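*Asks:* Build me a model from this:
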Amino acid sequence: MTSLKSLVVAVGLVASSGCNKSDNAHNADIAASKVSDKADDLRNERADLGDQKVDEVKQANKVVETSNDMANANVDFEARRSIRYQALTAELQVINTQPQLINAIAQNFPLTAESRADVTDKLQKLQTTYDLARNQVELLKVSSAANFTDADDKAQDAMDKLHDANKDAWDAIKDAHRTDRSS
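*Replies:* This is a model prediction of the structure:
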């Protein structure tokens, strides 16, 4: 009977031990599942972070590309502004010779006092208009891209007025009354 008791006790221990092993296996499965889930979560977070970094790099590349486009546009603007400035400056230099020429003609013809006063008045207006146009052209030279259109419009307006003043001065000498002939 002692053997039978020992056997029952042994079977009970083995059976209870088997139940504990089953609980342990279940707990281990849960723990393994948690590790696997956390590994998947980490892998997903790394992938998301990688995607985010790729997006950030793409965005940074777009900013660099836009900066390069702006730099190229600025170089183009500066070159075209310089050409415009040089063209207007050349035009100013040609017109600047006109008062001296008109004055020389007026000095060499016997004009009436009234005609000489008209020519002198037109030459003074031409010089004043020339100075204003030259100032507008100089402002154009240093204008930024943001205010270039306005500065160019002002320079062109001043140049148009200068051409009108130049024409008026030439008309004054052409229409001047001379003392050596009847008008």
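
*Asks:* Now do the helix ranked longest in the chain: which elements does it pack against?
*Replies:* Secondary structure of the chain read by DSSP state H shows that its longest helix is helix 2-96. Where contact means 3 or more C-beta pairs under 8 Å, 6 or more residues apart in numbering; DSSP states H and E, helix 2-96 is packed against helix 113-141, helix 148-174. C-beta here means a position set from N, CA and C on the backbone, and glycine is covered the same way.

*Asks:* Switch the ones you listed over to TSV; also include mean pLDDT, mean neighbour count and distance to residue 73.
*Replies:* Conversion of the helices and strands packed on helix 2-96 to TSV gives the following (pLDDT from 0 to 100; neighbours: other C-beta atoms under 10 Å; distance: least, C-beta to C-beta, whole Å):
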stretch	mean pLDDT	mean neighbour count	distance to residue 73
helix 113-141	97	18	18
helix 148-174	97	17	12
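
*Asks:* Compare the ones you listed and report which one is nearest to residue 23.
*Replies:* Within the helices and strands packed on helix 2-96, the stretch nearest residue 23 is helix 148-174; the backing value is 83.2 Å (C-beta to C-beta).

*Asks:* Quick one: list the elements packing against the closest one.
*Replies:* Using 3+ C-beta pairs under 8 Å, 6+ apart as the contact criterion, the secondary-structure elements in contact with helix 148-174 are helix 2-96, helix 98-108, helix 113-141.

*Asks:* Give the rounded mean pLDDT of the shortest one.
*Replies:* Think helix 98-108. Averaged across helix 98-108, pLDDT comes to 94.

*Asks:* who touches that helix?
*Replies:* Contacts made with helix 98-108 from outside it, assessed by C-beta atoms under 8 Å, 6 or more residues apart in numbering, are listed as 116, 119-120, 122-123, 126-127, 130, 166, 169-170, 172-173, 176.

*Asks:* Good, we can wrap up now.
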